[in-house]
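Asker: Below are the sequence and a predicted model for it; my questions follow.
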Amino acid sequence: MRSTTDLIEKIQKIKMEKRAIILAHNYQRPEIQDIADFVGDSLELSLCAAQTDAEIIVFCGVKFMAETAAILNPDKRVLIPDRNALCPMAAMLPAELVKFYREKHPEAKIVLYINSLAEAKAYCDAVCTSANSVEIINRMDSEIVLFGPDSNLAGYTENSTDKRIIPIPPFGFCPVHILFNREEMLRLKEAYPDAEVMAHPECTSEVCRAADFVGSTSKMYKESLRSDAKRFIVATETGLLHRMRKARRDAVFIPAYDEAVCVNMKLHTLEKLYLSLVHERYPVVLPSWVMKKAREAVEFMLETRETPLTKTH
Ligand code: SF4
């Protein structure tokens, strides 16, 4: 077992030698966030993957995120340090189910949350993230939009558009964000009346209604920089709090539930990241037809808006 300092030095050295870039999602372990070239949400990391001239992308996130980086970079090597980092919510909507709903509702367009399998994306009209779901759905030229796999994000988005949204499957959910509950949120608000309360739209509608601010991890992060509040209650995976605390050392960040941890996101470690760079493992490989079709849906999203990237160092 190598020491942390030793590992950090080795990762930085080999990263330079191989012209690699490390992308880390906001839910990664603190030490992975700290060594990454870019930290962000799915949309920011997709944009970064689309723009980088690095030869190797090491993606510290769950597999669908690394797949999106591969879809946008067919000529680059995209690696994921632990190939078991899968998203249980993405698995709730296999491609066969997307095809089934397409046949059932031929009049509707299909928008998939980026938290979906690459093969499922190949059968949809557009991809979105929690940061741009309203904008993407408003761009669909149909009155009815099928949206999956997160039914909570579907409900949240429907409140902000004139479209009728049908969640596919009807009750898809994130097993981490479903852990927050309204009573606990209200108890925390009462205990800390000066706090600004934030929630991710993957939380239930009751939890979102108890929050002062609802948004993607990038929007919550930006709100924490913008706000004058000195205390925040945050209802999302606890990894985001590390980034917030680094940026706002004058403020206190309280997790709305401290066991809201995505074990899949936390599978990546410094040791695995180092081994990934050394052995160039595990490459993300997708069938060419999936790459082509899913890319059209992802590019539709990327045309929608510009999101500034956040460089960590
Ligand atoms: S936090 Fe939820 S949606 Fe995100 S990767 Fe984990 S299980 Fe999937």
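Answerer: Cool, got the structure. Residues are numbered from 1 along each chain as shown.
Asker: interface residues of the stretch 151-300 of the chain facing the ligand?
Answerer: Where the stretch 151-300 of the chain comes near the ligand, counting by Cβ under 6 Å from any ligand atom, the residues are 174-176, 237, 262, 264-265. Just so you know, the C-beta spots here come from the backbone N, C-alpha and C atoms, and that holds for glycine as well.
Asker: Just the buried ones among those residues, please.
Answerer: Buried subset of those (neighbour count, 16 or more other Cβ atoms under 10 Å): 174, 176, 237, 262, 264-265.
Asker: Just confirm Leu188 is within a strand.
Answerer: No. Counting by DSSP: H, G, I helix; E, B strand; the rest coil, Leu188 is not found in a strand; it is helix.
Asker: Look at it and say how many residues are nearby.
Answerer: When neighbours are counted by other Cβ atoms under 10 Å, Leu188 registers 18.
Asker: Please apply the same query to Ile80.
Answerer: By other Cβ under 10 Å, the residues close to Ile80 number 27.
Asker: For stretch 97-111, buried residues please.
Answerer: Neighbour counts over stretch 97-111 (16+ other Cβ under 10 Å) mark 97-98, 101-102, 105, 108-111 as buried.
Asker: ok, and which of those reach the ligand?
Answerer: Contacts with the ligand are made by none of the buried residues of stretch 97-111, judged by Cβ under 6 Å from any ligand atom.
Asker: Which two of those residues have the greatest separation?
Answerer: Leu97 and Lys109 (16.3 Å; Cβ to Cβ).
Asker: Need the residues of the stretch 151-300 of the chain next to the ligand in JSON lines (columns: pLDDT, distance to Ile137 and secondary structure).
Answerer: Supplementary listing: those in JSON lines, determined by pLDDT from 0 to 100; distance: Cβ to Cβ, whole Å; DSSP: H, G, I helix; E, B strand; the rest coil:
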{"residue": "Cys174", "pLDDT": "98", "distance to Ile137": "19", "secondary structure": "coil"}
{"residue": "Pro175", "pLDDT": "98", "distance to Ile137": "24", "secondary structure": "coil"}
{"residue": "Val176", "pLDDT": "98", "distance to Ile137": "24", "secondary structure": "coil"}
{"residue": "Glu237", "pLDDT": "98", "distance to Ile137": "24", "secondary structure": "coil"}
{"residue": "Cys262", "pLDDT": "98", "distance to Ile137": "25", "secondary structure": "coil"}
{"residue": "Asn264", "pLDDT": "98", "distance to Ile137": "27", "secondary structure": "coil"}
{"residue": "Met265", "pLDDT": "98", "distance to Ile137": "26", "secondary structure": "helix"}
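Asker: now, which of the residues you listed sits nearest Glu17?
Answerer: The closest of those to Glu17 turns out to be Met265 (Cβ to Cβ; 27.4 Å).
Asker: Next up, the contacts around that closest one.
Answerer: 25, 27-28, 61-62, 85, 237, 239 (Cβ atoms under 8 Å, 6 or more residues apart in numbering).
Asker: Please export the alpha-carbon coordinates of stretch 286-305; CSV is fine.
Answerer: Taking C-alpha atoms only, stretch 286-305 is exported to CSV below (Å, rounded to 0.1, in the frame of the first residue of the first chain):
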residue,chain,number,x,y,z
LEU,A,286,-19.4,0.9,-26.9
PRO,A,287,-20.8,-0.5,-30.2
SER,A,288,-20.4,2.0,-33.1
TRP,A,289,-24.2,2.2,-33.7
VAL,A,290,-24.7,3.2,-30.0
MET,A,291,-21.9,5.8,-30.2
LYS,A,292,-23.5,7.3,-33.3
LYS,A,293,-27.1,7.4,-32.2
ALA,A,294,-26.4,8.4,-28.6
ARG,A,295,-24.1,11.1,-29.8
GLU,A,296,-26.9,12.8,-31.8
ALA,A,297,-29.0,12.9,-28.6
VAL,A,298,-26.1,14.3,-26.5
GLU,A,299,-25.1,16.9,-29.1
PHE,A,300,-28.7,18.1,-29.2
MET,A,301,-28.3,18.9,-25.5
LEU,A,302,-24.8,20.5,-25.9
GLU,A,303,-26.2,22.9,-28.5
THR,A,304,-28.6,24.3,-25.9
ARG,A,305,-26.4,26.5,-23.8
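Asker: So which bits of that stretch are buried?
Answerer: For stretch 286-305, by 16+ other Cβ under 10 Å, it's 286, 290-291, 293-295, 297-298, 300-302.
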